[in-house]
Structure formats: structure tokens, C-alpha cells
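Asks: below are the sequence and a predicted model for it; my questions follow.
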Amino acid sequence: MAPALCAICKTERANIKRPKNHARVCKGCFLTLFEEEVHHTIVSSKLFYPGERVAIGASGGKDSTVLASVLKTLNERYNYGLDLVLLSIDEGIKGYRDDSLETVKRNAVQYDMPLKIVGYDELYGWTMDQVVQTIGKKGNCTYCGVFRRQALDRGAKMLDIKHVVTGHNADDVAETILMNLLRGDMGRLARSTNIVTGDASSDVKRSKPLKYAYEKEIVMYAYHKKLDYFSTECIYSPEAFRGTARGLIKQLERIRPSAILDILRSGEDMARLVPGESASSCGCKGKSKTPAATATEDDGGIGGCGSSGAAGGNEMAVMEKQLRENEAAEGLEVDVSKLSLAGTPAESETDGAVPLKMNKNSKPVTRQTLGNCKRCGYMSSQEICQACTLLEGLNKNRAQIQI
Amino acid sequence: MASSTSPPHPASEAIPPTNTTTTIATTTTTKPCAKCRSQPGTLDSRGQLVCPSCFQKFISQKCIKQIGLLNKDVRSSSSQSLSAYHSTQKNSGPPQSSSRRYFLGLSLGPSSAALLELLNENVEYQVSRKKNPPFELSVVHREREREKVEECVKRLAGRYPRFEFRVVYLEEVVGLGSVDWEGLGLGDFATASSSTTENDATTTTSTTASKLRRLFDNLPSTTSRTDLLRLFTRHLLIAEACKPPNKCHALLLGSSTTALAELTLSETAKGRGFSLPWQINDGVLGVPSFSSSPTSSSARPANSSPTSSHTNKPKAKTSEDQGILIYHPLRDALRKELVTFTKLAGEPTPIAELLPETDLTTTAAVVSHKDLSIEEVMVRYFADVEENYPSIVANVARTTGKLMRLFGGGGADGVEGVGGDASEDDEERLCGLCSMPLDEFGDERWKGELGEDSYRDAAVTVEDEGEKKMTKTTKQRICYGCERSIRV
Ligand SMILES: [Zn+2]
Ligand SMILES: [Zn+2]
Ligand SMILES: [Zn+2]
Ligand SMILES: [Zn+2]
């Protein structure tokens, strides 16, 4: 059999089969296609403005490393005029960040970008190692996730940067969509499909330029571009990586490569069907509103404890427990089914922190209004933000130990 | 569940893997039933041990509640849209009655069989109160298991003499006006056959069957085949339910909570998120008419009426009387509960014993076993979830039901479509394949986000000659999900 030629340039040998659509292309064309697709996403969503200072949430992992590399390439190729900065979080986990931070430091040199490393100790007074010493290994991912969520924004603030980009890829977004379907959290589903999170009321805008990039293609890009990245896996939560929704997505991708994109398409369309949500993430059509979402929806997306920030392997068990509690709170499940038909609004939800409750209002959803945490001033839907709540618990613990 | 490769039934309900866990407890210790406190509790029902009769009551209450809502819906709508055929019914319909006429899609799997039994209970009860609501029931199946299907239907007809049974075969989809055959590049499917005389019946059947087979063989994947089979089955059910002169008031589907959850996730994975509110919710569904024949959408042209000249202007708009009310009365019961129910309910023997021993609901005839379909992945996934996390299963269907229908008045629970963007051009165009509303705004936006197929040109294009013609003509006349299914 003669070697197949690249479907794009028709001259080089096609030694790559794109995971996304099984197109056979050469290495050079693959790299270009990948970059151009990210470029299209950036342009069509009007992600940046000339002269904007943008912090790249950098973990040293594949996603953020590829993001940094592609943004550097595109910034030069298309004169975005961006001032790019690498922003890393040091959770304070020995042996874990030590290596990945070394990677980020090398990246900073390779890409000629300034690097800012913000430590948990600096931000919260606690390293993750100290947290684990206090509360044990179980459940520490919650802390890690909550702290990291704010850490990027706080770090950006320290640098006076108003836009953080993260390495969330298409698989991550698809996973979030399925998880929110399983949770029955349509409001969250609607928000999670947006490429930009954080609206006018928030200090720091978050976006995910790799939203449409397949994880497999990101790995491929990193490989063929010979990028220097650190394979991250949080040593405290090996179970966090293969959540069931993630596994489902991988299975679907195997059956039909377009499935990941198709889930994104479904998610974006469904976002328009959620009562009270009318978000559109595309800037092309002009009439789209400012994508409204809360920054609290977003996990760091810079590697670490699993991509969805969920409870990992036992995500389903946690969800089930929550739902049953909700059912119990509402009375009998017989009444619940009546709700779905009659659309009778039950008591509105109160718990925004763990939004596992289904949305019981069939009248337009009142979105959680964002205020500021009384303690730290950080944007929060509750009086005291999650980070501060967790910190309070930790600090009590520490006080006890010291006594 | 190692290697059973039976794909799910494409129609109203998907069937669990054959070794579905029964909830019958094997414990010898006899705790009293948590509900009646008198009988021994032998079944696990949502965390409680209950006796068989309380279990059956539990399921039947779930069904009755929905039927009650349905009756209300029918009563309120019959004065409007359904009045048209009421008048025709007077002339020609069988036993005259003022009562409702429902149509049940029966796959011969446990869920729809359970619904059959429950409806029968309901009818017997009505009859005892001197009411007589007729039901009409139908089985849709393929020719391969024709004998088994007919045998089973005969048994059911004997058991339920009040109902009328009809068997519909897949090849009858050929010629249905609700599919835009021309638009799909399948003009030769627009008419059933050139001859319908008794003598030619067998040859006709075999040619349409082989036509269909060729169509399915040319589809790009198992997922596509399963998808199309599901859509065709739905077309057939709707066409049968709408068939004049006795158009039914509603089409009932036996989908369990579990089946609806599976449908939600598999349709999401197939890019059909937009149409979920029409698929999951109960309510009126538009039935498009693409055929040029002046009769209603469901009327299959008996003679070879030329349809080719009308391809430019598909009459994809629905009018009031072209809609059908679709209900899922078992939406609150889990599949495993219905499986248990069929093993308990029915006189003199449980209904499960009337059903075919082998799972006839598999799609074996049209679907190759080479790989799994997305539907089957979901069936397996939810079989697991149902076992361990029933609340999650229930929650999926419930929440999906809250999504709004963006067009038309058929919003969930009377919620009007808002989402201003899409409604400005409020002409509702329906997909030529799945009959769901086309989402032109969504298509437009998606193109904007992903770029004009820059990558798609390089995608695999030559796999089979057959469907090239299909892909060319399908632009804009079918939805994103359908395009995914039939495009190579
Ligand atoms: Zn090339
Ligand atoms: Zn705070
Ligand atoms: Zn009992
Ligand atoms: Zn369609």
C-alpha cells in the first residue's frame, strides 16, 4: 500500500490520524490546524483585546503548557498584542509541585514569559500538606479545589491582571455537561458551556480558549511540538482522575469521535432552553449577550486534583446522597414527581455551595446573586465564601491541636 | 455482563441487558411489609421492604397519576385540534363511543408490557363503573422475528380482549409522508411500492425490505443504524396513531424513568440536546408532512403517485391537526421496577410469561454487532446507575423535563418559549428525518464557533459510495443530530 498523503497539503505523508475527526494529515499540517482552530475560537468569541494583559493559569501540565505555547504562537502570528504572563499556584504539596513548578519555570524561559507563583500559604496560611496533616487524606481535594479556584483570581489581582485563561479542553467541558445533567443542575450546565465565565460584576474574567480542543489532540500537539510538560496527577487523589462521567466520555469518543463536540453542541443548545438563561457564547452573531456566569463555577483547570473538581471516583455516590437528602427534605418522592408535571415551585434552593439540588423553579430561575465574602471580600454567593468557611474549620482545628 | 451485545430497543423504551437484576429478595427472614404491615415484605422498593401487592399498587399509582393528567390534557384539547377528526370518526369509525382512543407503542419488552397490563387494569376498573374507553394497541417489529412477534401478539390479544392489536413492520416506513425522503436523497423511498395487489404483496415486501437493508448497510456506524431505527420506529408509531379515520387522542409510550434518562444522555451525546424537551416531555408533537399527496401525513400513498416534482417546497410546517399528543405514563417508574412488575402482575399468569422468551427488542436484524452504539453504552451505564443510584436516574429525566421548547406553544408545563434569539423567525421548520424542530440559530452559531468546516473537508469522505448522494442534499433540511447520523 502506498503511503497515504496528507489530506491538507497533499505532499507530506499523512502520519497522523486526528482524534477529532479521523482526518489523515501530516505533522506540520496537524500543528497548524490545531493552532488555527484555537485562533478561530479566540476570534469568534472575541476573547481578547489588543494590549490586554492575560494570565495563563499554568500548572506545568499538558493542557496549560499547550495553551501557553499556542497563545504565544498565535500572539506573534496574528499580532494579538497580548501581554502574556504565566501564573502558577503552589498548593504546598511536597514532591508534587516541586517538579511541576520546575517545569513551569522552564516554560517561562522557553516562552519568554514572566512567571508568578502564588502559594497557598501566602493566600490562606495553609499549605496542602498542612491541610492533609490536619484533616487526613480523605476529602482534602475539596480544600484543594476551593482554594485553587480563588487562588488564580487572587494571584491575577495581585498582578493587576483582569483576565485569566485556563487549559480546560473539550473533554473537560463535555464532562461538566454530563455531570450537570446527572446532577440535574441545568443552571450550572448552562453556565458551564460558556467559553467566558465571570461577568461585569467580577473582577477577573476567566476564559478557556481550548474549549473545543480534544484532550487527545492536546497530548498529540504537545508531543509533536516537543513541549516540556509535567504529567500531573495529584498524589493525594489518585481516584480523582477517572470519574465515571469521564469514563463515559472516553467510551463515547471511541464509538463516535465527534461525540465530544456533539455533547458540547448539545450543552450549548440546552443552555438556551434553561428557563431564565439566555446565554450564547459566540461573539459572531453580534446579538449574543455578555456570557453570564459566575467565576465560582470554575475550577482551576490547571491540573491537580482532577478536572471537574468533583469528588472524583465517588462523585456518583455523593450526588445520590445529596439527591436523597433533597427528596427527604421535600417530603415524599411522590410529591417530587408531581412537581415536574405541575411545575409547582417548591421552596427555592438555599445551598449554592453544593448545588446538587435540582432546580425546582419552572418559572425563570433567579440566578444566585453575587456578593462579596464578608471576611475576605472575594466574590461569593454566600455571606462567607467557601474558602473562608473551610479555613475557619481548619483554623479551629489548628487551635485545638495547639492547645 | 461480559459480552452480551444486544443493542437496546430503539423505540419508546430500551430494554435492559438480559440478566437484569430482579429485586426479589432471597432473604428467608420475613419482615413485615413496610406499607401494609400485614404481608411479609419480600421486595425492595426504593429502600423499603414491601409485599408484592403493595409493590404493584405503588407502580400502578404512578401510572394512574399520569393517565389522569393525560385524560385532562385530552379533554382540554379535544375541543380544539382534535375536533376535526371527531367528525369523520362519526361516519366510519368502529363501535361508536364518546370516549378516548389511545394508542400504545408496544415493543414486547417489559416496560411497555407493564403499561399494557396497567392500562388494562384501568379499563377494567372503568368498565366496572360503566365506562368504556377503547384502547388500540400496536406492535412495531421487523420481519425477522415475524412469527415470534405474531405468536406473542396473539397471546396478548387473548389476554386483553378489550384492546385491538396491530402489528406494524419496519418496511412500512417506506412511503411515510413524515419523512423528507426527497430531501434525504432517497426519492425512491417516497412511495411504498408500485403495486399493492394481494398477489404481489410478498415481492413488494421483499423489495422494500431490501431497500431498507441497503439503506442501513450504508450508514456509517452502529450508532447511526440504531439511531435511524429508533427514528423510523417512532415515525411508524405516530403514523399508526394518526391513521384516519380513527386518529387516536394520544400515543402512549412505555418509557421508564431509566429509559428517559438514557435517552437524555444518548441524545445529548448525539448532538440532539436542542430537541430534548420535545422528546422527553409529554405533550403535543408536530408531525410534518413532506409528501405531495393531499391526504394527511400518515396516509401512505397506495398507488404510485409521483412525488418528485414537489421537492422544492417541503411542507414541513405543522398545523394543529397534524400534531399528536405523546405521553409517557411510566416516567416515574424505574426499569427494574417494571421488570419486577411484569413478573408479578397479570391474571391468571404474570404478564412476563406472555412475552417472548428471547429478547425480541434487540436490533440484531439491522444492526451489526461489530461495535456498540451510543444507546447501548447508555443502557449499560444506566443499568449500573439504576442499581446503585436510583435517585440520580430519576433526577435526570425530571430535570430534562424542565427544559423549554423554544418554538410553538407546546412548552413544558405551559412554559412559553423565551430565549428571544430563536423566536424572531417563528416559523417552525421540522427536520426531515427526526421531525424535531430545526434549530437554525444554533446551527448558525455553531458554524461560527467552529469555523466553516475547515477541518471537515479533510475528514474521511470515501468509505462507501452509497451515502454520498444522501449527504449532498441534506443541508439545512435535517438537524445537526441527524446529519451526524447519516453523514459519513
Ligand atoms: Zn500536510
Ligand atoms: Zn472569603
Ligand atoms: Zn404490603
Ligand atoms: Zn433530525
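Replies: It's in. Ligands and ions are numbered 1, 2, ... in the order given.
Asks: now the strands: where do they sit in chain A?
Replies: With DSSP state E as the criterion, chain A has strands at A:16-17, A:24-25, A:53-57, A:83-90, A:115-119, A:163-165, A:196-197, A:205-207, A:371-372, A:379-380.
Asks: let's have these in CSV, adding mean neighbour count and mean pLDDT.
Replies: (Glycine included, C-beta is placed from N, CA and C.) Below are the strands of chain A laid out as CSV (neighbours: other CB atoms under 10 Å in any protein chain shown; pLDDT from 0 to 100):
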stretch, mean neighbour count, mean pLDDT
strand A:16-17, 18, 94
strand A:24-25, 22, 95
strand A:53-57, 24, 96
strand A:83-90, 23, 94
strand A:115-119, 17, 92
strand A:163-165, 26, 95
strand A:196-197, 24, 86
strand A:205-207, 25, 92
strand A:371-372, 14, 74
strand A:379-380, 23, 72
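Asks: for the stretch 301-450 of chain B, which spans come out with low pLDDT?
Replies: B:301-321, B:358-370, B:408-428 (pLDDT under 70).
Asks: which stretches in it count as helices?
Replies: Ranges of helices within the stretch 301-450 of chain B are B:335-344, B:374-388, B:390-400, B:440-450, based on DSSP state H, counting those that start in this stretch.
Asks: got CSV for the strands of chain A, with distance to B:Glu347 too?
Replies: Shown next, in CSV, are those (distance: least, CB to CB, whole Å):
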stretch, distance to B:Glu347
strand A:16-17, 59
strand A:24-25, 63
strand A:53-57, 66
strand A:83-90, 67
strand A:115-119, 72
strand A:163-165, 67
strand A:196-197, 59
strand A:205-207, 62
strand A:371-372, 62
strand A:379-380, 61
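Asks: out of these, flag the one nearest chain B.
Replies: Closest to chain B of the strands of chain A is strand A:24-25 (CB to the nearest CB; 6.2 Å).
Asks: ok and the residue in chain B nearest chain A?
Replies: Residue of chain B nearest chain A, by CB to the nearest CB: B:Gly273 (2.7 Å).
Asks: for residue 325, give me its contacts.
Replies: Let's take chain A. By CB atoms under 8 Å, 6 or more residues apart in numbering or on different chains, no residues touch A:Glu325.
Asks: nope, chain B please
Replies: B:Leu325 makes contact with B:70, B:73-74, B:77, B:249-251, B:282-285 under the criterion CB under 8 Å, 6+ apart.
Asks: which one, of the strands of chain A, ends up nearest to ligand 1?
Replies: The minimum distance between ligand 1 and the strands of chain A falls on strand A:24-25, with 5.3 Å, by CB to the ion.
Asks: picking that back up, the contacts of B:Leu325 into JSON lines, with extra columns for neighbour count and pLDDT?
Replies: Shown next, in JSON lines, are the contacts of B:Leu325 (neighbours: other CB under 10 Å; pLDDT from 0 to 100):
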{"residue": "B:Leu70", "neighbour count": "21", "pLDDT": "88"}
{"residue": "B:Asp73", "neighbour count": "17", "pLDDT": "83"}
{"residue": "B:Val74", "neighbour count": "18", "pLDDT": "81"}
{"residue": "B:Ser77", "neighbour count": "17", "pLDDT": "65"}
{"residue": "B:His249", "neighbour count": "25", "pLDDT": "86"}
{"residue": "B:Ala250", "neighbour count": "25", "pLDDT": "90"}
{"residue": "B:Leu251", "neighbour count": "23", "pLDDT": "92"}
{"residue": "B:Asp282", "neighbour count": "23", "pLDDT": "91"}
{"residue": "B:Gly283", "neighbour count": "21", "pLDDT": "89"}
{"residue": "B:Val284", "neighbour count": "20", "pLDDT": "89"}
{"residue": "B:Leu285", "neighbour count": "23", "pLDDT": "87"}
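Asks: which of those are close to chain A?
Replies: B:Asp282 (CB under 8 Å from any CB of the partner chain).
Asks: closest to ligand 1 out of the contacts of B:Leu325?
Replies: B:Leu285 (47.1 Å).
Asks: check contacts around the closest one.
Replies: Contacts of B:Leu285 (CB under 8 Å, 6+ apart): B:238, B:278, B:323-326, B:410, B:435.
Asks: filter the residues you listed down to the ones close to ligand 3.
Replies: Taking CB under 5 Å from the ion as the test, ligand 3 is in contact with none of these.
Asks: among these, which one sits closest to ligand 4?
Replies: B:Ser435 (7.3 Å).
Asks: give me the distance between the nearest residue to that closest one once chain neighbours are set aside and A:Met158.
Replies: Nearest non-adjacent residue to B:Ser435, counting by CB to CB, 6 or more residues apart in numbering or on different chains: B:Pro288, 5.5 Å away. Going from B:Pro288 to A:Met158 by CB to CB, to the nearest Å gives 59 Å.
Asks: neighbour count: those two, which is higher?
Replies: Between B:Pro288 and A:Met158, B:Pro288 has the larger neighbour count (other CB atoms under 10 Å in any protein chain shown), namely 24 against 13.
Asks: three-state assignment of that one?
Replies: coil (DSSP: H, G, I helix; E, B strand; the rest coil).
Asks: just confirm it contacts B:Ser178, I think it does.
Replies: Yes. With contact defined as CB atoms under 8 Å, B:Pro288 and B:Ser178 form a contacting pair (5.6 Å).
Asks: show me the shaky parts of the stretch 301-403 of chain A.
Replies: Those would be A:301-314, A:330-370, A:379, A:399-403, if you go by pLDDT under 70 across the stretch 301-403 of chain A.
Asks: show me which residues of it sit near ligand 2.
Replies: Within reach of ligand 2 by CB under 5 Å from the ion, the stretch 301-403 of chain A has these residues: A:373, A:375-376, A:378, A:385, A:388.
Asks: go again using 8 Å as the cut-off
Replies: With CB under 8 Å from the ion as the criterion, the stretch 301-403 of chain A meets ligand 2 at residues A:373-378, A:380, A:384-389, A:391.
Asks: biggest helix in chain B by residues?
Replies: helix B:52-78 (DSSP state H).
Asks: how much space separates the closest residue to A:Cys373 other than its chain neighbours from A:Gly187?
Replies: Nearest in space to A:Cys373, with sequence neighbours left out and distances taken as CB to CB, 6+ apart, is A:Cys385 at 3.6 Å. From A:Cys385 across to A:Gly187, the span is 19 Å (CB to CB).
Asks: B:Lys31 now?
Replies: From B:Lys31 to A:Gly187 the distance is 42 Å (CB to CB).
Asks: who's more crowded, those two?
Replies: Set side by side, B:Lys31 and A:Gly187 show more neighbours around A:Gly187, with 25 against 12, by other CB under 10 Å.
Asks: give me the pLDDT value at the more buried one.
Replies: You'll see A:Gly187 listed with a pLDDT of 84.
Asks: I figured it hits A:Leu273, correct?
Replies: No. Between A:Gly187 and A:Leu273 there is no contact under CB under 8 Å: 11.8 Å.
Asks: now for residue 225, how many residues are close by?
Replies: Since no chain was named, I'll use chain A. So A:Lys225, with other CB under 10 Å, has 18 neighbours.
Asks: chain B, not that one
Replies: Using other CB under 10 Å, B:Arg225 is surrounded by 23 other residues.
Asks: doesn't it belong to a helix?
Replies: Yes. Under three-state DSSP, B:Arg225 falls within a helix.
Asks: hmm, it is touching B:Asn218, no?
Replies: No. B:Arg225 is beyond contact range of B:Asn218, at 9.8 Å (criterion: CB under 8 Å).
Asks: the stretch 51-200 of chain A against ligand 2: which residues are in contact?
Replies: Close to ligand 2, as judged by CB under 8 Å from the ion, the stretch 51-200 of chain A has residues A:Gln150.
Asks: pLDDT weak spots in the stretch 51-200 of chain A?
Replies: In the stretch 51-200 of chain A, residues with pLDDT under 70: A:198-200.
Asks: show me what from chain B comes close to ligand 4.
Replies: Counting by CB under 8 Å from the ion, chain B sits next to ligand 4 at B:231, B:272, B:275, B:431-436, B:438, B:478-483.
Asks: right, I'll call it a day here.
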